[in-house]
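Engineer: just coords:
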């Protein structure tokens, strides 16, 4: 007998044809009104009939719309500057108008494209003017408001309180006027005819249309049935013949065959969003993409990691050095290189390095930024301490690095940059010597979502001296082959909803390389992460109305940020509340905490690399040991989720971003007896057992407290009772 699922999911060939024909008939061309970006104001008119509105298409491009100018000024240009008075003055510069820097002619209700110089962004300017250079006359101007550049817009979570086919996403972001990003999307894959869907109005209907899925090569076809999505980030594009974001009122997942809404969000108007303009032309970069090996002028070379990381250099003159970094990495991973923090050995603390990387989103934008490492921790922007850019450091410096050519060939990324030998910046830069050996520091690691360097994955294991004045030193060619991408570890979900478990132990531990925090969350961490009941960032599933206790040992030395990790529960997916500005804390809720306790940390012995293990348990048991300052000095956080608690919250570190993960909250009367493995998240099994890593391991971790080690510290109460009974009967 056919089940409801069979009837729901089964489509005859005739039905399929009718559905396809319906979609084709709907695929009429929609012509959207031109979108020029975020409107930032209207030009004031002082002379020569100047008029028009100013829009920011990106932080590199403006549009003047309805632009009028009689063309009678003798020496007039589009002119921009950043004088402190905020008004146009002769202290500005000519800006290209429609690709030309010539004297302006006459315009009547025209659209003019204004492209900023390669080395600048909109943040570098305070005003735009139609300016006569010869007579220092201002014909018309606009003083920019605060934050004039357009940015992607977050619309919040996707999904119903009781998800349909498991559909939910942590965030829906309007990237630009034609693209949408679904962040950490979950979907069980069982919808028979599911599409990424959009249309007019605020509610999905069958009159909508499919969006192009960039992860599937821009496909407009339905999602493959039987293929589940777990914490997948998807970029969707409105097809050119369907207009743009301004043509739609919602986005979501929709079953065409059964007109079933799996979940959606309402999209405001483009004028409210103020997002960047989509650009489907080849990426514009500050430097041309090169497709050959690094410039041969960089003939002096030193291997930093065999067949993985090399540095080349050449002296362009007596005042500057050109450096090329080449590594077997992916976009979004940085190469750091520079002078050591010590004159006698390689030392990260106090080092002056350049951090270079290709943008992870496009893979086509090279970055090279001056950094100063004042402490072994992520950059605390409020105090300027840690691994900070020179501009964020306190006392601050300037970015004295100029990015050059770059390439990405056969899995090897090369980025060249130039830096003065003596920048004159005594706060954050060192003078580069060219006559004697000097110790250098280097590392490889991820760029975090804030655009800052996260904790390294690789660093020197011995001192590294270099003589930048030497010549004729070469490196062997890299072998061919792409960088291997490792799959994330499967971490069991801790089910406080089914097992009756109400108490959890929370420590700090290692982030676990590519397969750990970074692989599980899709976000670069800072080398450490929360461990709950001896597992790295498990998803917790808890019930409303039940009181839970967290025994926390995150460190209580507030003056040493690397040993101070207060634990709290929040709706913020990145954490680090103390680092946020007042604006960034808008909408952030703290449900419990912060509390800290003395520090218990799962430390690495240095014997193995995390990426060498296919399961977390194998890595933990072979490489980590739990070291406690005082195992009995704990902090207790007690929390009862209630009807006001969202379905998903997060446990985080109050002082650092990207250390925690998810807590899924369900109603107290919800029936979880039929919930399948992984319903609470992608991290695995439905019930937590000692040593369970999804692959049958039952090994127990080791614990060190104040220098002593005890094996089997995770013995459960039941096991202890059995042991006591055995002793008694003897």
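Structural biologist: Received the coordinates, thanks. Owing to the predicted nature of the structure, the values given are computational and were not obtained by experimental measurement.

Engineer: Do you have the strands of the stretch 451-600 of the chain handy? List them.
Structural biologist: Secondary structure of the stretch 451-600 of the chain (DSSP state E, counting those that start in this stretch): strands at 465-466, 494-495, 503-510, 528-532, 535-536, 540-543, 548-553, 567-570, 590-595, 600-604.

Engineer: which other helices and strands contact the longest one?
Structural biologist: If I follow you right, that is strand 503-510. If you count contacts as 3 or more C-beta pairs under 8 Å, 6 or more residues apart in numbering; DSSP states H and E, strand 503-510 packs onto strand 528-532, strand 548-553, strand 600-604, strand 624-628. Placement of C-beta: from N, CA and C, glycine included.

Engineer: circling back: just put the strands of the stretch 451-600 of the chain in CSV and tack on mean neighbour count, mean pLDDT and distance to residue 226.
Structural biologist: Formatted as CSV, those follow (neighbours: other C-beta atoms under 10 Å; pLDDT from 0 to 100; distance: least, C-beta to C-beta, whole Å):
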stretch, mean neighbour count, mean pLDDT, distance to residue 226
strand 465-466, 16, 92, 54
strand 494-495, 24, 90, 25
strand 503-510, 21, 94, 35
strand 528-532, 24, 94, 32
strand 535-536, 24, 96, 29
strand 540-543, 24, 94, 25
strand 548-553, 22, 96, 36
strand 567-570, 25, 97, 35
strand 590-595, 19, 95, 37
strand 600-604, 21, 92, 38
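
Engineer: what's the closest of these to residue 68?
Structural biologist: Comparing these against residue 68 with C-beta to C-beta, the closest turns out to be strand 567-570 (51.1 Å).

Engineer: Show residues contacting that closest one.
Structural biologist: 506, 530, 550, 552, 554, 577, 588-596, 635, 637, 639, 649-654, 663 (C-beta atoms under 8 Å, 6 or more residues apart in numbering).

Engineer: Run me through the strand neighbours of that strand, direction for each.
Structural biologist: Strand 567-570 has these partner strands in its sheet, going by DSSP bridges: strand 590-595 (antiparallel), strand 648-653 (antiparallel).

Engineer: okay, those in TSV with distance to residue 50 next?
Structural biologist: What follows is the strands paired with strand 567-570, written out as TSV (distance: least, C-beta to C-beta, whole Å):
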stretch	distance to residue 50
strand 590-595	51
strand 648-653	51
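
Engineer: Just the endpoints, please. Distance across stretch 340-352?
Structural biologist: 7 Å (C-alpha to C-alpha, to the nearest Å).

Engineer: If we go by neighbour counts, what in it is buried?
Structural biologist: For stretch 340-352, burial by neighbour count (16 or more other C-beta atoms under 10 Å) applies to 340-341, 346-348, 351-352.

Engineer: Contacts for it, please.
Structural biologist: For stretch 340-352, the external contacting residues (C-beta under 8 Å, 6+ apart) are 338-339, 370-376, 428-430, 438-441, 443, 459-460, 462-464.

Engineer: Would you pull up how far it lies from the middle of the chain?
Structural biologist: On the basis of C-alpha atoms, centre = their mean, to the nearest Å, stretch 340-352 sits 29 Å off its chain's mean C-alpha point.

Engineer: Beyond the one helix or strand residue 114 maps to, next helix or strand please.
Structural biologist: When elements are assigned from DSSP states H and E, residue 114 belongs to strand 107-115. Remark: after strand 107-115, the chain's next helix or strand is strand 127-132, criterion DSSP H and E.

Engineer: Relative to the next helix or strand after that following strand, what are the paired strands and their orientations?
Structural biologist: On the C-terminal side of strand 127-132, the closest following helix or strand by DSSP H and E is strand 137-143. Using DSSP bridges, the strands paired with strand 137-143 in its sheet are strand 44-45 (antiparallel), strand 127-132 (antiparallel).

Engineer: Let's verify residue 440: helix, strand, or coil?
Structural biologist: The three-state assignment at residue 440 reads strand, by DSSP: H, G, I helix; E, B strand; the rest coil.

Engineer: Which one of the buried residues of stretch 340-352 is nearest to residue 113?
Structural biologist: For these, the residue nearest residue 113 by C-beta to C-beta is residue 352; the value is 39.6 Å.

Engineer: State the distance from that closest one to residue 417.
Structural biologist: As judged by C-beta to C-beta, to the nearest Å, residue 352 and residue 417 stand 14 Å apart.

Engineer: Quick check: chain neighbours aside, which residue is closest to residue 518?
Structural biologist: In space, and not counting its chain neighbours, residue 518 is closest to residue 524: 5.5 Å by C-beta to C-beta, 6 or more residues apart in numbering.

Engineer: circling back to that earlier point, now the contacts of stretch 340-352: which count as buried?
Structural biologist: 338-339, 370-375, 428-430, 438-441, 443, 460, 464.

Engineer: just to revisit the earlier point, list the buried residues for the strand holding residue 114?
Structural biologist: 107, 112, 114-115.

Engineer: Could I get those residues in JSON lines, plus columns for pLDDT and distance to residue 149?
Structural biologist: Supplementary listing: those in JSON lines, determined by pLDDT from 0 to 100; distance: C-beta to C-beta, whole Å:
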{"residue": "107", "pLDDT": "94", "distance to residue 149": "25"}
{"residue": "112", "pLDDT": "94", "distance to residue 149": "18"}
{"residue": "114", "pLDDT": "95", "distance to residue 149": "13"}
{"residue": "115", "pLDDT": "93", "distance to residue 149": "14"}
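
Engineer: isn't the residue nearest to residue 518 right next to residue 450, touching?
Structural biologist: No - contact criterion C-beta atoms under 8 Å: residue 524 and residue 450 do not qualify, at 9.5 Å.

Engineer: So between these two, which is more surrounded?
Structural biologist: More crowded of residue 524 and residue 450, by other C-beta atoms under 10 Å: residue 524, with 26 against 16.
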